[in-house]
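Engineer: coordinates for the following, if possible.
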Amino acid sequence: MAPSVVTQEQPSVPAGDLFRYESSSHCKSVSVPASAATPNTNLKARAMIGQALNTQVSNIDLDECDPGDEDSFFVADLGEVHRAFNLWMQHLPQVQPFYAVKCNTDRKVISLLASLGCNFDCASKAEIDIVLSLGISADRIVYANPCKTNSFIRNARTNGVQLTTVDNSQELYKLAQYHPGCGILLRLATDDELAQCRLSTKFGCSVATATHELMPLAKELGLSVKGVAFHVGSGATDLTSIFKAIRDARQVFDHGLSHFGFDMSVLDIGGGFQQDSFIEASAMVRRSLDQWFPQDFAEQHDVKFIAEPGRFMVSNAFTLAAHVIARRDCDELPMLYINDGVYGNLNCILFDHQHPEASVLTHLGEFVYDQRSTSSRKDFSIWGPTCDGLDCVSSRAGLGHDVAVGDWLYFSNLGAYTSAATTSFNGFKSVANVIYVNSESD
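Structural biologist: You can find the predicted model right below:
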């Protein structure tokens, strides 16, 4: 069966607002109609991805193709994005997801998420422009960057973006001058020491700074503090950091309500969620909200809960295929050179602490995707195409074939913080083509 390649126009985007989902169950996991990732679903997804990879590679004649025809490429399964969104709504229906656009700026992904009801976390003018260009209304965007360029603030005001994050007094002065009507979320620092990617070293203020410096100044400037934001870092292993951050947020809420009369009605719990730990993390979120933002308090102050998942929605949806352009046999490990690397779509190795696992896609013209080789394991080091010695994809990779020049490798689960951060260093193409399939289609 041929893969269901998505070629239709962008899906229509329903009109909406900043807070799209409200659940009658305050903080409990509820059942929602969702297509779970059953074994049959996974088999269908792998089959569709494999067929798309095979079709693309089979159409490339390495002896006759034009320069660049054999470049690396992605296969994206939009069905995986759909299932990730459903999983979120199953376990955190009371928390409105705002997809972190910086994670992956693919327009079909953004359009799909918008059609499902997701809103968007944007950190720059360019990200805001992408979302708006797809017909998504500005009231579904939070400008979640605590330190913004003046012209970007003016652009947000012009385009109707009405919510942003702040962690310092200078930002309040800028908002007072350039976007005084914008709602403000005070960004708190968190205990993210055990997170894979820490953020509080760069952003976030203390509870004391929020309550005794920023709130009085905002009141003096006539600005509207709407609530609190935080981020416990990507890949957080200490889930108590979520509990502590929500506890701190309640303290700031109480101060804003009692001392300044602010309309404290938004709690942004940030991102960093991963599918392999989501059940435990979502349970901690529900427990923490139950304790610090119980239903009577949330209803009294009309508190809305939002989050900024990025990798959670897309990490498993993209598979990268790369061509083996050279091999060098050495005394220790044979070295494979592929046409993508840490300056391209595998930059996650440097920037996101990822360790992509290589598998063999084709060997000597035979398509071996998702197959277990009967031959013994062969170890290689894998290198990118640039002339920089830093461009190492893997110092040791065990592959099931004695890979040769002309073979193809593939890397699964490369949807997060990959294509969004590529460079054109050494003149190599920075943006890979994407082939779309949808394992949720009939």
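Engineer: list the contacts of residue 230.
Structural biologist: Contacts of residue 230 were listed using Cβ atoms under 8 Å, 6 or more residues apart in numbering, and they are 187, 188, 189, 190, 204, 245, 248, 249, 268, 269, 270. Bear in mind the C-beta positions are built from the backbone N, C-alpha and C, glycine included.
Engineer: for these, give me TSV that also has secondary structure and distance to residue 380.
Structural biologist: Converted to TSV, the contacts of residue 230 look like this (DSSP: H, G, I helix; E, B strand; the rest coil; distance: Cβ to Cβ, whole Å):
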residue	secondary structure	distance to residue 380
187	strand	44
188	strand	46
189	coil	43
190	coil	40
204	coil	42
245	helix	43
248	helix	48
249	helix	48
268	strand	44
269	coil	42
270	coil	39
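Engineer: of those residues, the lowest pLDDT goes to which?
Structural biologist: By pLDDT, residue 190 ranks lowest within the contacts of residue 230, coming in at 78.
Engineer: give me the nearest residue to residue 383, chain neighbours excluded.
Structural biologist: Distance criterion Cβ to Cβ, 6 or more residues apart in numbering; nearest residue to residue 383, sequence neighbours excluded, is residue 337 at 5.0 Å.
Engineer: can you tell me the centre-most residue of the chain?
Structural biologist: Residue closest to the mean C-alpha point of the chain, counted by Cα atoms, centre = their mean, is residue 310 at 2.2 Å.
Engineer: show the pLDDT at that one.
Structural biologist: Note for residue 310: predicted pLDDT of 95.
Engineer: ok, residue 227 to residue 302 distance?
Structural biologist: As for residue 227, its distance to residue 302 is 11 Å (criterion: Cβ to Cβ, to the nearest Å).
Engineer: higher neighbour count, these two?
Structural biologist: More crowded of residue 227 and residue 302, by other Cβ atoms under 10 Å: residue 227, with 26 against 11.
Engineer: name the SS class of that one, please.
Structural biologist: Reducing the assignment to helix, strand or coil with DSSP: H, G, I helix; E, B strand; the rest coil, the entry for residue 227 is strand.
Engineer: for residue 178, see how far away it is.
Structural biologist: 21 Å.
Engineer: now the helices for this protein?
Structural biologist: 39-58, 78-91, 107-116, 125-133, 150-159, 169-178, 207-209, 215-221, 240-255, 278-292, 295-300, 311-314, 348-351 (DSSP state H).
Engineer: tell me the most buried of those?
Structural biologist: Most buried of the helices of the chain, by mean neighbour count (mean count of other Cβ atoms under 10 Å): helix 311-314, with a mean of 28.
Engineer: for that one, packing partners?
Structural biologist: helix 78-91, helix 107-116 (3 or more Cβ pairs under 8 Å, 6 or more residues apart in numbering; DSSP states H and E).
Engineer: the longest strand along the chain pairs with which strands?
Structural biologist: Once the chain is assigned using DSSP state E, the strand that runs over the most residues is strand 318-328. For strand 318-328, the paired strands and their directions (DSSP bridges) read strand 73-77 (antiparallel), strand 335-338 (antiparallel), strand 408-411 (antiparallel).
Engineer: tell me the mean pLDDT for that strand?
Structural biologist: For strand 318-328, the mean confidence score works out to 97.
Engineer: show me what counts as buried in that strand.
Structural biologist: Applying a neighbour-count criterion of 16 or more other Cβ atoms under 10 Å, one finds 318, 319, 320, 321, 322, 323, 324, 325, 327 buried in strand 318-328.
Engineer: now do that strand against helix 39-58, angle only.
Structural biologist: For strand 318-328 and helix 39-58, the angle between their directions (axes from the mean of the first three to the mean of the last three Cα atoms, to 10 degrees) works out to 50 degrees.
Engineer: okay, how far is it across stretch 312-331, tip to tip?
Structural biologist: Counting by Cα to Cα, to the nearest Å, the length from the leading to the trailing residue of stretch 312-331 is 41 Å.
Engineer: what about it, distance to the chain center?
Structural biologist: Stretch 312-331 sits 20 Å away from the centroid of its parent chain (Cα atoms, centre = their mean, to the nearest Å).
Engineer: same question, stretch 392-402
Structural biologist: Chain-centre distance of stretch 392-402: 27 Å, with Cα atoms, centre = their mean.
Engineer: next one: stretch 128-148
Structural biologist: Relative to the mean C-alpha coordinate of its chain, stretch 128-148 is positioned 15 Å out (Cα atoms, centre = their mean).
Engineer: what residues sit buried inside it?
Structural biologist: In stretch 128-148, counting by 16+ other Cβ under 10 Å, buried: 128, 130-132, 134, 136-138, 140-146, 148.
Engineer: closest to residue 350 among those?
Structural biologist: Nearest to residue 350 out of the buried residues of stretch 128-148 is residue 145 (Cβ to Cβ; 22.1 Å).
Engineer: which ones are touching that closest one?
Structural biologist: Contacts for residue 145 were tallied using Cβ under 8 Å, 6+ apart; they are 122, 123, 124, 164, 165.
Engineer: over to residue 351?
Structural biologist: Residues counted as contacts of residue 351 (Cβ under 8 Å, 6+ apart) are 417, 421.
Engineer: let me see the domain layout of the chain.
Structural biologist: With automatic domain parsing as the criterion, the domains of the chain are listed as 47-75+316-437, 79-314.
Engineer: next, the distance between the ends of the first one.
Structural biologist: Separation of the first and last residues of domain 47-75+316-437 by Cα to Cα is 10 Å.
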